[in-house]
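A.B. asks: Generate coordinates for the sequence data below:
(one chain, ligands or ions: 2)
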Amino acid sequence: MDLAEMTANMSLQNVNGKLQKKREDYIDWREYFMAMAFLAAKRSKDPSSQVGACVVNKENKIVGIGYNGMPLGCDDEVFPWGKNTPSPLDSKYLYVCHAEMNAILNKNAADVKDCSIYVGLFPCNECAKIIIQSGIKEVIYLSDKHAHKPETVASKRMFDAVGVKYWQFTPKNEKIEINFSDIDWNNMSPRK
Ligand SMILES: O=c1ccn([C@H]2C[C@H](O)[C@@H](COP(=O)(O)O)O2)c(=O)[nH]1
Ligand SMILES: [Zn+2]
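C.D. replies: Ligands and ions are numbered 1, 2, ... in the order given. Prediction:
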């Protein structure tokens, strides 16, 4: 390996007189957590909207992750995924569990007090209530495409009333990609 290869995506730092490689292209915490929410969304069977959520504590540890899906035991091949059905009983809305609710209920910690939640879509009013009741203090979202809907306006009204902070995430990376065929399994680094 020549020096150029060795230092690709890296800078060198002087540590006690020795040159040491320093990676520069790792993703930061926020990009990582939002990417985790989007990875979780890839599990969703909803044909029109795949939403993911990732709950993170003050130590930057992920304590819950979830996506929109049918309740446990409600077969997602049987329950409906439609939207504009003549009867509301035949659409997804009465059944689907939202990503935020699943992420919070899936917690692997005693509670999610003072945590942050990363979500693809601004939480609806029902999720906002669960976020508030569970003690989450910060919402980081990517899309606010339903900003005009009463559900979103109500969410913001509740968050403002109780001091839950919310802000829109602007990704630094245009894409974060995992390409398994790019990995050199012998040394677990991208192929040169
Ligand atoms: O806060 C929210 C709001 C919605 N979702 C899920 C619920 C549904 O599966 C879709 C919304 O479907 P549309 O076809 O876009 O109406 O998103 C959620 O997880 N969290
Ligand atoms: Zn919701």
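A.B. asks: check contacts around the spatially most central residue of the chain.
C.D. replies: Central residue of the chain (Cα atoms, centre = their mean): residue 37, 1.8 Å from the mean position. Neighbour list for residue 37: 52, 53, 54, 65, 99, 118, 119, 120 [criterion: Cβ atoms under 8 Å, 6 or more residues apart in numbering]. (Each C-beta comes from the backbone N, C-alpha and C, glycine too.)
A.B. asks: repeat for residue 34
C.D. replies: 54, 118, 140, 142, 169, 171.
A.B. asks: Which ones among those also lie next to ligand 2?
C.D. replies: Among the contacts of residue 34, proximity to ligand 2 is found for none (Cβ under 5 Å from the ion).
A.B. asks: And the nearest residue to residue 132 once chain neighbours are set aside, its phi and psi?
C.D. replies: Nearest residue to residue 132 in three dimensions, chain neighbours excluded: residue 162, at 5.5 Å (Cβ to Cβ, 6 or more residues apart in numbering). Note on residue 162: backbone dihedrals following degrees, to the nearest 10 are phi -100, psi 0.
A.B. asks: do residue 74 as well
C.D. replies: According to degrees, to the nearest 10, residue 74 has phi -90, psi 100.
A.B. asks: ok, so what distance separates it from ligand 1?
C.D. replies: Separation of residue 74 from ligand 1 (Cβ to the nearest ligand atom, to the nearest Å) stands at 13 Å.
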